[in-house]
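Visitor: Let me see the structure of the following:
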Amino acid sequence: MTTDFSGNAQAMSLVGFTAVATITLLLCVMTGPDRDDLDEFYTGYSSLSPMRNGLAIAGDYISAATVLGTGGVIALFGYDGIVLALSTALSLMLLMFLLAEPLRNAGRFTMGDALTRRMPGRGVRIAACAVTLAALVPLMVVQLAGTGQLMAFILGFSGETLQTGCIIGVGALMISYAAIGGMKGTALIQILKIVMLLGSGMVVAVLILHRFDWDPGALFDAAAQNSGVGSAFLSSGLQFSSGPSPDLDMITAQLTVVLGGGVLPHVTMRMYTASSARQVRRSMSWAVSGVALFVLVITVVGFGATALVGRELIAKVDPQGNTAYLLGSQAAFGRDVSAAETFLFTTVTTAVFLTLLASVAGMILACANSLAHDVFAARVREMSPRREMTVARLSALAVGVPAILLATQVQHRSLQPLVTLSFCLGASAIAPALVYSLFWRRFTRTGLLSTLIGGSLAVLLLMPGTNLVSGSPVSAFPEADFNWFPFTTTGLLSIPLGFACGWLGTMASGHRKSEEQRHAYEAVEGWILAGAVRRDP
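Guide: Down below sits the predicted model:
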């Protein structure tokens, strides 16, 4: 099976990329805020219907790292990849059942708003902004770097200068999306992305199943036979077999995804765009349904890639398997490709390209909103809406430019540590802070800062020692070996430490502070948990 794309596919992909970039930028200009209104820029006036808001949430949640990375894990490691995909869906379900409504009731524009409902103070807002940046900038870097690799792979060029130019050009486009379109503009891009991604993915999945006579069992058996590892492909632990404790490493990795994926700030900011508790419930139902459908599609395409292309060839093209989704899509059409099939494959590549654009635009918007609203606007007591919107747009530039520069520097290294870093920060710092703030009556300001700072420091100190950074041929620094924490994620220690820091900080605050917080929480408990009242900070 060849991994080269035909000239027609390359030409049509280039046309598709250009058309998508033009149309989406035009959508942002047309739907962006036309006046100095913070509610319009930050939440789009909460005007999206539950279905559209749910699709936008699913679009924000399914990043390019999820599409390419999860597809690669499924293609290379079989069963372990399916568990990863299911963990991704479970994380969004936890957000729906546990945090979505309280977040919508407590917050207004950013995660800092939700945290300061009980513990007002500039220190909390600055800490929330710092964690937001630390969690999302690595994901942005990964996807920007992946832009150059993706376009080089599809369009058939290998020059580093061209890849760097792609990263810079696409990065500038993403900054424009966030700065011009605001919440409503980026939401429309996310909706377009998820519709194209799921629509094209379902076509590919149907074609793959048709190749195996609609028998999923035959597909799985063929993938196992073509994996080179036999029945181990359909058993747990293949991905972590090189570590000292494969089962523990796998459980910790999946727990990190479950706890960290749904609480990342670019996802939770969509909770504030719902106009009522009922709306957020219905929106999350649409989002979870979309993600569940994505899990089915990515499973079929990932196994199809292994069955039709072969695990060895997939790993040869990219050791991380990030091209498996595209290789599986290409293989689904067979050797003799008609014009219609070339068009369908172009739709797949364009959907992946749009996923890159939309994902980073949403993350830049979340970071820019937090910088403008939690740091700069909180510093000036009476900052005008017009000035705050200007600051938010400049913040998009301030966040996006360093991310682009970092992406150009790390584009040829393994980027899995950066993806893992983001999920670990979500699970170890953001999740404990939100759970404690929304549900623990005695939780104090000291406990909140301890959770955010302690959980983040634990991740940042442990991450360089994991086997994703050094000590293996597929690590970020394969030539070095400073691996002293032989696990894939930091969650084994950092998640308990994040929760423990919040508890210890609250205990250290003293009984009087805890009682004050208990009384303050009881006064707003109905409002946070049931939405009895909705008021601005």
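
Visitor: which element follows the lowest-mean-pLDDT helix or strand in the chain toward the C-terminus?
Guide: Using mean pLDDT, DSSP states H and E, the weakest-scoring helix or strand in the chain turns out to be helix 377-379, at a mean of 75. Using DSSP states H and E, the helix or strand that follows helix 377-379 towards the C-terminus is helix 385-410.

Visitor: quick one: average pLDDT of that following helix?
Guide: Averaging pLDDT along helix 385-410 gives 89.

Visitor: got any ranges where the protein has weak pLDDT?
Guide: 1-7, 34-36, 45-46, 335-338, 380-382, 531-537 (pLDDT under 70).

Visitor: run the last query once more with 50
Guide: 1-2, 533-537 (pLDDT under 50).

Visitor: Find the centremost residue of it, please.
Guide: With distances taken as CA atoms, centre = their mean, S63 lies nearest the centre of the chain, 4.7 Å away.

Visitor: Am I right that I82 is in a strand?
Guide: No. Residue state for I82 (DSSP: H, G, I helix; E, B strand; the rest coil) corresponds to helix; a strand is not indicated.

Visitor: Roughly how far does it sit from T408?
Guide: From I82 across to T408, the span is 34 Å (CB to CB, to the nearest Å). All C-beta spots, glycine's among them, are computed from the backbone N, C-alpha and C.

Visitor: Neighbour count for the two, which is higher?
Guide: Higher neighbour count among I82 and T408: I82, with 21 against 18, using other CB atoms under 10 Å.

Visitor: contacting residues for the more buried one?
Guide: Residues in contact with I82 (CB atoms under 8 Å, 6 or more residues apart in numbering) are I74, T299.

Visitor: Check the gap between it and L296 for me.
Guide: 10 Å.

Visitor: again, but for A64
Guide: In this view, A64 and L296 are 19 Å apart by CB to CB.

Visitor: More neighbours: those two, which one.
Guide: The neighbour comparison of A64 against L296 (other CB under 10 Å) goes to A64, with 26 against 15.

Visitor: quick revisit: from what I can see the residue nearest to the centre of the chain touches S359, true?
Guide: Yes. At 4.0 Å, S63 counts as touching S359 under the criterion of CB atoms under 8 Å.

Visitor: quick one: common contacting residues for those two?
Guide: L139, Q143.

Visitor: Quick one: residues in contact with stretch 229-243.
Guide: Contacts for stretch 229-243 (CB under 8 Å, 6+ apart): 73, 76-81, 83, 220, 223-224, 227, 246-247, 249-250, 253, 306, 311, 467, 472, 486-488.

Visitor: Pull up the distance across that stretch, start to finish.
Guide: Its start and end residues considered, stretch 229-243 measures 17 Å (CA to CA, to the nearest Å).

Visitor: distance between that stretch and the chain's centre?
Guide: Offset of stretch 229-243 from its chain centre (CA atoms, centre = their mean, to the nearest Å): 26 Å.

Visitor: how about that stretch: buried residues?
Guide: A232, F233, L234, S236, L238, Q239, F240, G243 (16 or more other CB atoms under 10 Å).

Visitor: Out of those, which two sit at the greatest distance?
Guide: L234 and G243 (20.1 Å; CB to CB).

Visitor: Just the element for L365, please.
Guide: helix 339-370.

Visitor: show me the contacts for A187.
Guide: G44, L48, R52, N53, A56, R270, T273.

Visitor: mind running it again at 6 Å?
Guide: By CB atoms under 6 Å, 6 or more residues apart in numbering, the contact list for A187 reads A56.

Visitor: and if you look at G491?
Guide: T252, L255, T256, A427.

Visitor: nearest residue to it other than its sequence neighbours?
Guide: T256 (3.8 Å; CB to CB, 6 or more residues apart in numbering).

Visitor: Could you check the helix or strand harbouring that neighbour and say which residues are buried?
Guide: Using DSSP H and E, T256 maps to helix 246-260. Buried residues in helix 246-260, defined by neighbour count with 16+ other CB under 10 Å: 246, 249-260.

Visitor: Reformat these as a markdown table; add distance to A520.
Guide: Formatted as a markdown table, these follow (distance: CB to CB, whole Å):
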| residue | distance to A520 |
| --- | --- |
| P246 | 46 |
| D249 | 41 |
| M250 | 42 |
| I251 | 38 |
| T252 | 36 |
| A253 | 38 |
| Q254 | 36 |
| L255 | 32 |
| T256 | 32 |
| V257 | 34 |
| V258 | 31 |
| L259 | 27 |
| G260 | 29 |
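
Visitor: Assign the nearest residue to M389 once chain neighbours are set aside to helix, strand or coil.
Guide: Counting by CB to CB, 6+ apart, the nearest residue to M389 once its immediate chain neighbours are dropped is F41, at 5.3 Å. When classified by three-state DSSP, F41 comes out as helix.

Visitor: before we move on, the earlier item: any idea which of the contacts of G491 is the one closest to S370?
Guide: A427 (19.2 Å).

Visitor: what's that closest one sitting at in phi/psi?
Guide: phi -80, psi -30 (degrees, to the nearest 10).

Visitor: hang on, isn't it packed against G261?
Guide: No. Using CB atoms under 6 Å as the test, A427 is too far from G261 to be in contact (8.4 Å).

Visitor: of the two, who's got more company?
Guide: A427 (30 against 26).

Visitor: The residue nearest to the centre of the chain and G121, how far apart?
Guide: With CB to CB as the criterion, S63 and G121 are 32 Å apart.

Visitor: Got phi/psi on the residue nearest to the centre of the chain?
Guide: Dihedral angles for S63 - degrees, to the nearest 10 - are phi -80, psi 170.

Visitor: Please name the residues that touch it.
Guide: S359.

Visitor: before we move on, which element is T22 in?
Guide: helix 7-31.

Visitor: Contacts made by stretch 286-305 with the rest, please.
Guide: In contact with stretch 286-305 (CB under 6 Å, 6+ apart) are residues 51, 54, 57-58, 62, 70-71, 74-75, 81-82, 85, 89, 92-93, 96, 194, 198, 201-202, 204-205, 208, 219, 223, 324-325, 327-328.
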